[in-house]
Every structure is written in C-alpha cells, then in structure tokens.
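1. return atomic coordinates for the entry below.
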Amino acid sequence: MIKTFRGLLADGGQDRIRLSTIKGKVGYKIVKFQIMPQDPAGTASEAITKIYSVAQTSVTDKINFDDTDLLSAAFYSGGAATNYPQDTIVIFDSEIFNQDIYVTSIDSNDNSNINYYIELEVIALSDMGAEYTTIKDIRTSS
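-> This is a model prediction of the structure:
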C-alpha cells in the first residue's frame, strides 16, 4: 500500500508529517519525492528540500549525506532565466521508519515557496521489527 502526502512550504519552512501510531507496528519507506516551486516559470528558484526523521532546529541549504537523520534530499533550479537546470533527488530507500518525519525547504536564490509530493510504502512490522524501528527512531531523536 502507498500513502501520499503533499504540501506547500514557505521559504525556510518545516512541515511535520504525522505517522506514529500507538503500537508502532506500521513502518514506512520513501518511494517517491518530488518538488516544484509555487511559481515555476516566474522565479529563479534554487530550492533545497529535505526529509528528516527528526525536527530540525534550523533550515539550511547544506546537504550532508553523513547526517543519519536525513531520509531524502532534493534540489530544484529553474525559472525564466535559468539555463542550467540541475534537478536532483536522492532517496535513501533502505531506511524504514515508524515515527513522524519532517520536510524542510529553503531557496538560496529568491525565497520561493516550494510544493512537495511524497509517496511512502506502508510496511507491516512484526513485534520485533516494530520494537527495533521505534527504538532506532527514539535514539535518533534524542
């Protein structure tokens, strides 16, 4: 089963996607992540949008694949004057989580708002799998 989420983030914004359940017996894995500015033809957007397993205290335009809280990252560049689109999306698809996730976005060029679309694969977890995933997520957020 696939669950979808979409939203519009203001520049420098963060959205919480609520996924946690009481028993934690449902896991999720990102299978699709897409971004697009609110005004794609009228702005010179250079947006960095990321998905994290924990809330971020600040939203930055830096991407660090060593960050174990990072689940996915996307870069969009475009607009009427952009001749070098370099759109890139990276999903760490082996990461399974059962707690809330957080989407952040910042535009390093013109403060554009960004739309996002996320597809999550729903994975049934055994009791042991749920316990392991919950403990891993709790340790990550501590």
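
2. so what does the helix or strand where Tyr116 lies touch, helix or strand wise?
-> Tyr116 belongs to strand 114-124 when assigned by DSSP states H and E. With contacts taken as 3 or more CB pairs under 8 Å, 6 or more residues apart in numbering; DSSP states H and E, strand 114-124 sits against strand 2-9, strand 26-37, strand 45-52, strand 101-107. C-beta: built from backbone N, CA, C; applies to glycine.

3. now with 10 Å?
-> Counting by 3 or more CB pairs under 10 Å, 6 or more residues apart in numbering; DSSP states H and E, the packing neighbours recorded for strand 114-124 are strand 2-9, strand 14-17, strand 26-37, strand 45-52, strand 70-78, strand 101-107, helix 127-141.

4. how far does the fifth one sit from the chain's center?
-> Here strand 70-78 is found 8 Å from its chain centre; the criterion is CA atoms, centre = their mean, to the nearest Å.

5. now do it and strand 101-107, the angle between them.
-> Angle, strand 70-78 to strand 101-107, by axes from the mean of the first three to the mean of the last three CA atoms, to 10 degrees: 30 degrees.
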